[in-house]
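Asker: sequence and predicted model, in that order:
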Amino acid sequence: MEMKTDQELKQLAADIYENKVFTDRHLQERERDHQVGLTFYPVLFGAFDDMKEEEQKEISMLYEYMDKAASRSCNGHPIFMSVRFLTKKEHERMNYFYEEYRAIKESFLK
């Protein structure tokens, strides 16, 4: 797996904040297990089956850009025919950038 650069993670953080990206974190925790496959169809059809078990365990967050959503929804959530993911390390780093971006935006708007 190729690690995303800081610039890619910064862009993703900004895009999540600006509601351009839907993540598995948008799903309520209690529904996440069964709703993930209905939201991200590749997961339903085994997108990660070819990955080694160690690599699968490193996946921390699933996401896709809203402009990739299908014209239909399921249980009020968008449906995607593609999925992207962050590893645990990438997710941690992206969260750091997200908080930086959020603080800057909120400070500016005060």
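Answerer: Now that the structure is in, tell me what you want to look at. Numbers count the residues shown, from 1 in each chain.

Asker: doesn't residue 47 fall inside a helix?
Answerer: No. The assignment for residue 47, made by DSSP: H, G, I helix; E, B strand; the rest coil, is coil rather than a helix.

Asker: and the spatially most central residue of the chain, what helix or strand is that in?
Answerer: What sits nearest the mean C-alpha location of the chain, by C-alpha atoms, centre = their mean, is residue 63, with 2.4 Å. For residue 63, the enclosing helix or strand under DSSP states H and E is strand 59-65.

Asker: hmm, who's touching that strand?
Answerer: 12, 15-16, 20-25, 36, 40, 43, 48, 80, 82-88, 90-92, 94 (C-beta atoms under 8 Å, 6 or more residues apart in numbering). Quick note: C-beta positions are derived from backbone N, CA and C, even for glycine.

Asker: report the distance from it to the chain centre.
Answerer: Its chain's C-alpha centre and that of strand 59-65 lie 3 Å apart, by C-alpha atoms, centre = their mean, to the nearest Å.

Asker: for that strand, which strands pair with it and how are they oriented?
Answerer: Here strand 59-65 has these sheet partners by DSSP bridges: strand 21-23 (antiparallel), strand 84-87 (antiparallel).

Asker: can I get those in a markdown table including distance to residue 67 and mean pLDDT?
Answerer: Output for those, formatted as a markdown table (distance: least, C-beta to C-beta, whole Å; pLDDT from 0 to 100):
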| stretch | distance to residue 67 | mean pLDDT |
| --- | --- | --- |
| strand 21-23 | 10 | 98 |
| strand 84-87 | 13 | 97 |
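
Asker: among the ones you listed, which comes closest to residue 106?
Answerer: Comparison of the strands paired with strand 59-65 against residue 106 by C-beta to C-beta identifies strand 21-23 as nearest, at 18.9 Å.

Asker: fine by me, we can end here.
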